[in-house]
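Visitor: Let's see this in three dimensions:
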Amino acid sequence: MAGVTSKKLNLLELPSEVLLQIISNLPYRSLCRIGRTCKQLRALSLDESLWKQQCQTEFFVKECTEEEGWLRQFRWLHGRFARHHSAAVYRNMRRLWDRLEKYLQENDREMYDSLREPCDYSEIQIAEQKMTCRFPADLRCSLQIHNGQQMGSGVGVYGCMTISTYYRSEGLLDAASMARLYDNDGDLPGCVPLTYCLVSQKSQYVAVNDEGGFTVGEVFYPTPDQYSTDADIFITGKTYTEWFTDLVEALESKKFPRIDGRVFRFHDDPECEAVTKDCFTVKATSCFMPDLSTVHPPHFFFTYRIM
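Guide: Numbering: from 1, shown residues only. Predicted coordinates for the structure are as follows:
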């Protein structure tokens, strides 16, 4: 046994299938580096199975056409998102949109079809140049997944409310529309409309800079106050992410009822229920209407639905 010498194992002498299993555990930056070491590793680093895994891990994308290929798709996704957004922002926005898409595909195909295609980064830059400021990071990322909704194609994703002669249904605005409606010299400097209703012409706004004294990223309804020099608002989200998360969770949990195929923003309180004469159950739901309310004077408008 003394004369037996052990041969050192060269990594490149392993079968290609084994090497592929080993390098499949590498992050995408390491895959790119080993592709520059030798022809054998370069050939392996281009294997489609590796980039399918990277697309799913990094960008939560699970579908790809044969013509496009996983490597090509990864390069496109990386150029679109990784260069301009942090991984945390992208992953959070991608998960939220995936959940919203799933809900709409199962419950409201018309609304799903109203979602716009992704916004190109160049389109966002043009909008920001027009506003002379940047969108909040989470909103910029969201626009590159879906660039708002097609207006006039049905109920807005934020749901609707109707009372007597008043109707509100807010859809998500696209980047170009936000920039076009931006008015830094108006009543809400530093803010752009995030949603818009074609009927009531009401919007929720998001602060894109602090010129008007607003917190950047804050989402709110402005109030038509008559006795206040400062702008009073009803805050609906401290950030766009918080606002969008609340929207997705409300739809997923079916917090609001669907009436004639449309989501109405009535809040259901289990305690607002009574049984009359041990026979009939009467239930009341309510909806606060910030777009019809004021702080000065204090006038808070609610509408009710009794069933």
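
Visitor: Where does pLDDT dip in the protein?
Guide: Within the chain, the segments meeting pLDDT under 70 span 1-9, 153, 225-230, 277.

Visitor: now the helices: where do they sit in it?
Guide: 16-23, 28-34, 39-45, 48-59, 70-77, 87-107, 109-114, 121-131, 137-143, 175-181, 240-252 (DSSP state H).

Visitor: Those helices: which one's closest to V157?
Guide: Closest approach to V157 among the helices of the chain (CB to CB): helix 109-114, 6.1 Å. C-betas here are computed from N, CA, C, even on glycine.

Visitor: Buried residues, the closest one. List them.
Guide: By neighbour count on 16 or more other CB atoms under 10 Å, the buried set for helix 109-114 is M111, Y112, S114.

Visitor: what residues are up against the first one?
Guide: Under the criterion of CB atoms under 8 Å, 6 or more residues apart in numbering, the contact partners of M111 comprise L104, G154, V155, V157.

Visitor: mind checking how far it is from G237?
Guide: 20 Å (CB to CB, to the nearest Å).

Visitor: got it, and the last one?
Guide: With distances taken as CB to CB, S114 is found 22 Å from G237.

Visitor: And for the second one?
Guide: Here the distance between Y112 and G237 works out to 23 Å (CB to CB).

Visitor: V263 too?
Guide: 18 Å.

Visitor: likewise D113?
Guide: Applying CB to CB to D113 and G237 gives a distance of 26 Å.

Visitor: coming back round to it: which residue of V263 and G237 possesses the greater neighbour count?
Guide: Using other CB atoms under 10 Å as the criterion, V263 and G237 rank with V263 on top: 24 against 19.

Visitor: what's near enough to touch the closest residue to the more buried one other than its chain neighbours?
Guide: The spatially closest residue to V263, leaving aside those adjacent along the chain, is G159, at 4.1 Å (CB to CB, 6 or more residues apart in numbering). The neighbours of G159, taking CB under 8 Å, 6+ apart as the test, are S169, E170, F256, R262, V263, F264, R265.

Visitor: Looking at these, which one is closest to S177?
Guide: Distances from S177 to the contacts of G159, taken by CB to CB, are shortest for E170, at 12.9 Å.

Visitor: Compute the distance between that closest one and F244, please.
Guide: From E170 to F244 the distance is 13 Å (CB to CB).

Visitor: Kindly report the same for D98.
Guide: 12 Å.

Visitor: who has more neighbours, the two?
Guide: Between D98 and F244, counted using other CB under 10 Å, F244 has the larger neighbour count: 23 against 15.

Visitor: Can you report how many residues lie near T37?
Guide: Neighbours of T37 using other CB under 10 Å come to 11.

Visitor: Count the residues that sit near the closest residue to F74 other than its chain neighbours.
Guide: Once flanking residues are discounted, F74 sits nearest to W51: 4.7 Å by CB to CB, 6+ apart. When neighbours are defined as other CB under 10 Å, W51 has 22 of them.

Visitor: Let me see the contact set for W51.
Guide: G69, W70, L71, Q73, F74.

Visitor: List the contacts of the closest residue to I306 other than its chain neighbours.
Guide: Closest residue to I306 apart from its sequence neighbours, by CB to CB, 6+ apart: A284 at 5.1 Å. By CB under 8 Å, 6+ apart, the contact set of A284 is D269, C272, E273, Y304, R305, I306, M307.

Visitor: quick check, nearest of the residues you listed to Y221?
Guide: Of these, the one sitting nearest to Y221 (CB to CB) turns out to be Y304, at 19.7 Å.
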